[in-house]
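**Student:** here is my input; please provide its structure:
(one chain, ligands or ions: 2)
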Amino acid sequence: MAIQTFVHEQQIGVEQPLLEIVNLHAGYGIIDVLHGVDLTVERGQVFALLGPNGAGKSTTLKTACGQIVPTSGSILMSGKEMNGTPPDVLSRAGVCLIPEGHSVFPNLTVEENLRMNTYSGTNFDEVRERAYTQFPQLKERSKQRAGTLSGGEQQMLALSRAISTDPALLMLDELSIGLAPIIVEELYEQVGQLAKSGLSILIVEQFAQSVLGVADVAAIMLHGKILKTGDPENIAEELTSAYLGIQ
Ligand SMILES: Nc1ncnc2c1ncn2[C@@H]1O[C@H](COP(=O)(O)OP(=O)(O)OP(=O)(O)O)[C@@H](O)[C@H]1O
Ligand SMILES: [Mg+2]
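**Tutor:** Ligands and ions are numbered 1, 2, ... in the order given. From the prediction side, this is the model:
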């Protein structure tokens, strides 16, 4: 019960950050990947977690959505400890991850993909209306199989499916992968609008450029640790040094 209520606390103005990760250690079996990660996402904030291949960005997201159980440290949502909470419970509580790659059902049409999100009782007409209002391009392709959509359209559909669950925290893992810069810019404009409507968003990207326009805060991750957190413009400059190994 305590877990399910944290989404609603958003409306009654609880002060704690939506997501707070404190000294998080996690990995895969005996392989340690995260070595004491600290990050905080405030309500309605867009937080960009940046860093090179293998830094531990995806592992951080997987741990935050319950797919990986931390070995130590804390994951707090609205001040409540969530360590060890199963992913389905977190999902119902408003935590939503769009993982790396396009998370749509390729053999189902756009509409069927949207319908898949309504089996827990959400109204299909509302889900469809919301998706097509946010991304009119999807409406024109409603009967097309998702696997034949362009990469950008697939990400639009993935975002539409995500917002149909009315999440409190949306986590996006490399939304920009394989997409043209202009498409990425359009997608992140939409993401910015979602944040303005009160959603908290944690974005993982390798490069800062694509998220600069939309992020409120950015952090650099390297070797399983957060190296620096701050203003996205400043972090973008530091990121180059992180890639070149100059610290
Ligand atoms: N399932 C797994 N089993 C074992 N090790 C893994 C597994 N997934 C990831 N790793 C390792 O954990 C480390 C961090 O990986 P992670 O996917 O979190 O990096 P990342 O920052 O998301 O990188 P990228 O930008 O390439 O997606 C890497 O060294 C990777 O090899
Ligand atoms: Mg990754």
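**Student:** nearest the geometric middle of the protein, what residue?
**Tutor:** Centroid check for the chain by Cα atoms, centre = their mean gives Met171 as the closest residue, at 1.1 Å.
**Student:** helices or strands up against the helix or strand that residue falls within?
**Tutor:** Applying DSSP states H and E as the criterion places Met171 in strand 169-173. When contacts are defined as 3 or more Cβ pairs under 8 Å, 6 or more residues apart in numbering; DSSP states H and E, strand 169-173 sits against helix 57-64, strand 95-98, strand 200-205. To be clear about C-beta, it is placed using only N, CA and C from the backbone, and glycine gets the same treatment.
**Student:** ligand 1 contacts on this protein?
**Tutor:** By Cβ under 6 Å from any ligand atom, the residues of the chain that approach ligand 1 are Tyr28, Ile31, Val33, Gly51, Asn53, Gly54, Ala55, Gly56, Lys57, Ser58, Thr59, Gln206.
**Student:** and those as JSON lines, adding neighbour count and distance to His102?
**Tutor:** Putting those into JSON lines (neighbours: other Cβ atoms under 10 Å; distance: Cβ to Cβ, whole Å) gives the following:
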{"residue": "Tyr28", "neighbour count": "10", "distance to His102": "24"}
{"residue": "Ile31", "neighbour count": "7", "distance to His102": "27"}
{"residue": "Val33", "neighbour count": "20", "distance to His102": "24"}
{"residue": "Gly51", "neighbour count": "25", "distance to His102": "22"}
{"residue": "Asn53", "neighbour count": "7", "distance to His102": "20"}
{"residue": "Gly54", "neighbour count": "12", "distance to His102": "22"}
{"residue": "Ala55", "neighbour count": "24", "distance to His102": "22"}
{"residue": "Gly56", "neighbour count": "24", "distance to His102": "23"}
{"residue": "Lys57", "neighbour count": "25", "distance to His102": "18"}
{"residue": "Ser58", "neighbour count": "20", "distance to His102": "15"}
{"residue": "Thr59", "neighbour count": "22", "distance to His102": "20"}
{"residue": "Gln206", "neighbour count": "16", "distance to His102": "17"}
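**Student:** got the contact list for the longest helix along the chain?
**Tutor:** Scanning the chain for the longest helix, with DSSP state H as the assignment, gives helix 181-196. By Cβ atoms under 8 Å, 6 or more residues apart in numbering, the residues outside helix 181-196 that reach it are 44-46, 134-135, 150-152, 155-156, 159, 163, 170, 172, 175-176, 179, 201, 203, 209-211, 213-214, 216.
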